[in-house]
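A.B. asks: From the sequence below, what's the structure:
(4 chains)
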Number of protein chains: 2
Amino acid sequence: MSRILVIDDEPQITRLLTLLLEGAGHEVRVAADAAHGLHELALSQPDLLLLDLGLPDRDGVEVVRALREWSQLPVLVLSARSDPHDKVAALDHGADDYLTKPFDAPELLARLRALLRRVTPAEQQPVLALGKLTVDLAAHAVTVADKPVPLTPIEFSLLAQLARHAGRVLTHAHLLQAVWGPKAADQSHYLRVHFAHLRRKLRRAGLDEEIIRNEPGIGYRLLVPPS
Amino acid sequence: MSRILVIDDEPQITRLLTLLLEGAGHEVRVAADAAHGLHELALSQPDLLLLDLGLPDRDGVEVVRALREWSQLPVLVLSARSDPHDKVAALDHGADDYLTKPFDAPELLARLRALLRRVTPAEQQPVLALGKLTVDLAAHAVTVADKPVPLTPIEFSLLAQLARHAGRVLTHAHLLQAVWGPKAADQSHYLRVHFAHLRRKLRRAGLDEEIIRNEPGIGYRLLVPPS
DNA sequence: GCTCGTCTTAACGACATCTTAGCGCGGCGG
DNA sequence: CCGCCGCGCTAAGATGTCGTTAAGACGAGC
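C.D. replies: Prediction:
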């Protein structure tokens, strides 16, 4: 998910952190002192830095300050020092968050998520790619071979439902419920009409293969292209 | 220095916070419950939100979640609840930091500085340039081909919202919330009227291309000029 | 208290979209 | 063989959304 660099000299802590972070789907690298840490920062370009203050060769605050000369990388300081004065010093020298040991694992992960969320403003929007077809759920945009396809709200909604569960069959009831709400649970010819429109637009946009398939008596499914 | 909104219902706390924050050179506004808080958020467009969780009318987490529908505003939660589970919940619903009461004043200020520091790089360029169009967020000024265009507050606010998220679609609800506050969530013809005024003024100022586009049934977006 | 600018509300035409209806096709079972 | 059902498709009236303009309501400043 994200690449995280841990700078800490205690093997117990780094082992624990590695386990924790990899369990959360992150990619972890470890450096045992400031010198190696700074080297690794430039080399592996991580998405976040998890930093201990008590390093053998240099104070952690120095690491943050050096880093801030050239990078906006989010930094979470993890330290045994609970003195508010230390916290203020670290935060004011460029750290984004400060957690004292012993820490609560779920809280650490949540704070990491908060930092990562903020630093990726160009949010990894859910853009589903299916061969030549692309469905951007957030921007309400659909493209075929990189060319935008103008869809009405209902058409987009139908396609989005299928794309979200690509490959699986969605029943008539499911689609009607999702697009029109509970009142239209039995008006299954709505589906026929709007799927006709949708298929025509996709065809004219250059999608040669019919990827919207009907399962007679059941519902519809979106074919996933062999990749 | 920065404008900070405090949402808390205990007068003792708000008095203390106001003193503390104004002492640090910030501009402070206070709201005593969630409803007034959301209204104030839309109205005064602060730079940061300081939020208590135990509000009389609604839970603070709900406030964050509602806010995150339309804003990236940094949020620091200040709560009496020290249970890690509460922290994780608040952080995962959009809060950026979490501090438990009683808090250490210098630490609070340092954490605020850390949050504000991270949000200012976007504010360092308060002048957005989009082809012939220029939007100065700080000075509330708009120019077309270097000639100023007089806009009313609402018109500017709409344009600023679009410009801040140039290229992306902003839903009716998003725009209404951001400009009029939570009460006007369904009055979507406000948008039609004021966008008509806005488009006319831009047209008469010499903007030949229609850069404010409507996404039928969804909302509006600002076209980014090909660069 | 008046004037001016701005916001709200209302009304209307134009246009796109949705709904409804109808027709042809093919598979299936009686 | 023939009627039935589900499906794809198209056409046309109904509905909704949008853009625009104008008139009344409101508030700020003098």
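
A.B. asks: I'd say residue A:25 and residue A:4 touch.
C.D. replies: No: using Cβ atoms under 8 Å, residue A:25 is not in contact with residue A:4; the gap is 10.6 Å. (Glycine included, C-beta is placed from N, CA and C.)

A.B. asks: Determine the number of other residues adjacent to residue A:145.
C.D. replies: Look at residue A:145: counted by other Cβ atoms under 10 Å in any protein chain shown, it has 12 neighbours.

A.B. asks: Quick check: chain neighbours aside, which residue is closest to it?
C.D. replies: Nearest non-adjacent residue to residue A:145, counting by Cβ to Cβ, 6 or more residues apart in numbering or on different chains: residue A:132, 4.7 Å away.

A.B. asks: Below-threshold pLDDT in chain A: ranges please.
C.D. replies: A:119-125, A:226-227 (pLDDT under 70).

A.B. asks: Next, residue A:218: phi, psi?
C.D. replies: Residue A:218 adopts backbone torsions of phi -110, psi -70, taken as degrees, to the nearest 10.

A.B. asks: What segments of chain A are strands?
C.D. replies: Applying DSSP state E to chain A gives strands spanning A:3-7, A:27-31, A:48-52, A:75-79, A:97-100, A:127-130, A:133-136, A:141-144, A:147-148, A:169-171, A:212-215, A:219-222.

A.B. asks: tell me which residues in the second one are buried?
C.D. replies: Which is strand A:27-31. Buried positions in strand A:27-31, judged by neighbour count with 16 or more other Cβ atoms under 10 Å in any protein chain shown: A:28, A:29, A:30, A:31.

A.B. asks: OK, contacts around the residue nearest to residue A:145?
C.D. replies: By Cβ atoms under 8 Å, 6 or more residues apart in numbering or on different chains, the contact list for residue A:132 reads A:144, A:145, A:206, A:207.

A.B. asks: With residue A:179 instead?
C.D. replies: Residue A:179 makes contacts with A:154, A:157, A:158, A:161, as judged by Cβ under 8 Å, 6+ apart.

A.B. asks: rerun at 10 Å
C.D. replies: A:153, A:154, A:155, A:156, A:157, A:158, A:160, A:161, A:190, A:191, A:194 (Cβ atoms under 10 Å, 6 or more residues apart in numbering or on different chains).

A.B. asks: What residues does the closest residue in space to the second one that isn't next to it in sequence make contact with?
C.D. replies: The spatial neighbour of residue A:154 that comes closest, neighbours along the chain excluded (Cβ to Cβ, 6+ apart), is residue A:194 at 5.6 Å. Residues counted as contacts of residue A:194 (Cβ under 10 Å, 6+ apart) are A:152, A:154, A:155, A:157, A:158, A:159, A:175, A:179.

A.B. asks: Who wins on neighbours among these?
C.D. replies: Using other Cβ under 10 Å as the neighbour test, these are led by residue A:158, with 25 neighbours.

A.B. asks: Verify the stated contact: it with residue A:201.
C.D. replies: No: counting by Cβ atoms under 10 Å, residue A:201 is not a contact partner of residue A:158; they are 11.6 Å apart.

A.B. asks: anything in contact with each of those two?
C.D. replies: Common contacts of residue A:158 and residue A:201 (Cβ under 10 Å, 6+ apart): A:151, A:152.

A.B. asks: any idea how far the residue nearest to residue A:145 lies from DNA strand D?
C.D. replies: Separation of residue A:132 from DNA strand D (Cβ to the nearest atom of the strand, to the nearest Å): 19 Å.

A.B. asks: Tell me the spacing between that residue and DNA strand C.
C.D. replies: Taking Cβ to the nearest atom of the strand, one finds residue A:132 at 22 Å from DNA strand C.

A.B. asks: How about the closest residue to DNA strand D within chain A: what's its closest non-neighbour residue?
C.D. replies: Closest residue of chain A to DNA strand D, Cβ to the nearest atom of the strand: residue A:214 (3.4 Å). Once flanking residues are discounted, residue A:214 sits nearest to residue A:220: 5.7 Å by Cβ to Cβ, 6+ apart.

A.B. asks: Can you report how many residues lie near that neighbour?
C.D. replies: 19.

A.B. asks: For it, give the beta-bridge partners.
C.D. replies: residue A:170, residue A:214 (DSSP bridges).

A.B. asks: Next, the contact list for it, please.
C.D. replies: Contact analysis of residue A:220 by Cβ under 10 Å, 6+ apart lists A:158, A:161-162, A:169-172, A:174-175, A:191, A:195, A:212-214.

A.B. asks: what about burial for these, which qualify?
C.D. replies: A:158, A:161, A:162, A:170, A:172, A:175, A:191, A:195, A:212.

A.B. asks: Next, give me the two most distant ones among the contacts of residue A:194.
C.D. replies: With Cβ to Cβ as the measure, no two of the contacts of residue A:194 lie farther apart than A:152 and A:175, at 15.4 Å.

A.B. asks: For residue B:95, state which of the buried residues of strand A:27-31 is nearest.
C.D. replies: residue A:28 (25.2 Å).

A.B. asks: any idea how far the closest one is from residue A:80?
C.D. replies: Distance of residue A:28 to residue A:80, given as Cβ to Cβ, to the nearest Å: 21 Å.
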